[in-house]
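Asker: Give me a model of this one.
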Amino acid sequence: MLQSIITAVQPWADYYADHRVVSTAIIAGHLLAMFVGGGIAVATDRQILRVPANRPDLAQAAAADMESTHRVVITALVLVILSGALLFLSEVETFAVSPVYWAKMSGVVLLLLNGLRMQRAERAVVGGHGVVTPETAAVPFPSTAWGTLTTTARVSVVLWLAILLLGVVLTNV
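Answerer: Residues are numbered from 1 along each chain as shown. From the prediction side, this is the model:
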């Protein structure tokens, strides 16, 4: 089966190998999307992790701010996945059997699942109200959701860094 896939994508692999501008653009797109998406995500995670536990107003403001970064991070992840697929198809025989590649892909899947969990927790913290106001202050602060949000922020930082590290290792094995 692997040989059938290799044969089917060989025209792409040849084109990729013979056109430096194309290969450079795909690698650059992959790295830039990782840099932008991961950078914004880690900066936002850091903001979440810096909120004092006794400040629900700051927690809700940070969660609302996080909500505004999702479009950029998700767009960057889509570009990472598309460019990564093109990179995979350029060297199927190398990547398909690489434990490092599959560890990286596992990290990407975990990052996506963590992101879904993060969005649910974020919505629960924001509660549809945005930042705490006198009208919403009477609503009990969802501390369980805030705990989940801080946990997912920690996991997000670790996963972004692990994926980056595995990508570097992958280029040297």
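
Asker: So residue 104 versus residue 19, what's the distance?
Answerer: Shown here: residue 104 relative to residue 19, a distance of 25 Å by CB to CB, to the nearest Å. No exception for glycine: its C-beta is placed from N, CA and C like everyone else's.

Asker: More neighbours: the two, which one.
Answerer: Higher neighbour count among residue 104 and residue 19: residue 104, with 21 against 12, using other CB atoms under 10 Å.

Asker: in terms of contact, does residue 166 touch residue 106 like I think?
Answerer: No - checked against CB atoms under 8 Å, the pair residue 166 and residue 106 is beyond contact range at 9.2 Å.

Asker: More neighbours: the two, which one.
Answerer: Taking neighbours as other CB under 10 Å, residue 166 and residue 106 compare with residue 166 leading, 18 against 14.

Asker: State the three-state secondary structure for that one.
Answerer: helix (DSSP: H, G, I helix; E, B strand; the rest coil).

Asker: Please pull up the helix or strand immediately following whichever strand or helix holds residue 44.
Answerer: Assigned by DSSP states H and E, residue 44 belongs to helix 20-49. Moving toward the C-terminus from helix 20-49, the next helix or strand (DSSP H and E) is helix 56-90.

Asker: Name the residues that touch the helix or strand hosting residue 94?
Answerer: Applying DSSP H and E as the criterion places residue 94 in helix 92-95. By CB atoms under 8 Å, 6 or more residues apart in numbering, the residues outside helix 92-95 that reach it are 2, 5, 6, 9, 13, 87, 88, 101, 170.

Asker: Helices - which of those residues land there?
Answerer: 2, 5, 6, 9, 13, 87, 88, 101, 170 (DSSP state H).

Asker: which residues touch stretch 118-128?
Answerer: Under the contact criterion CB under 8 Å, 6+ apart, stretch 118-128 has outside partners 59-60, 63-64, 66-67, 70, 136, 139, 142, 145-146, 148-149, 152-153, 156.
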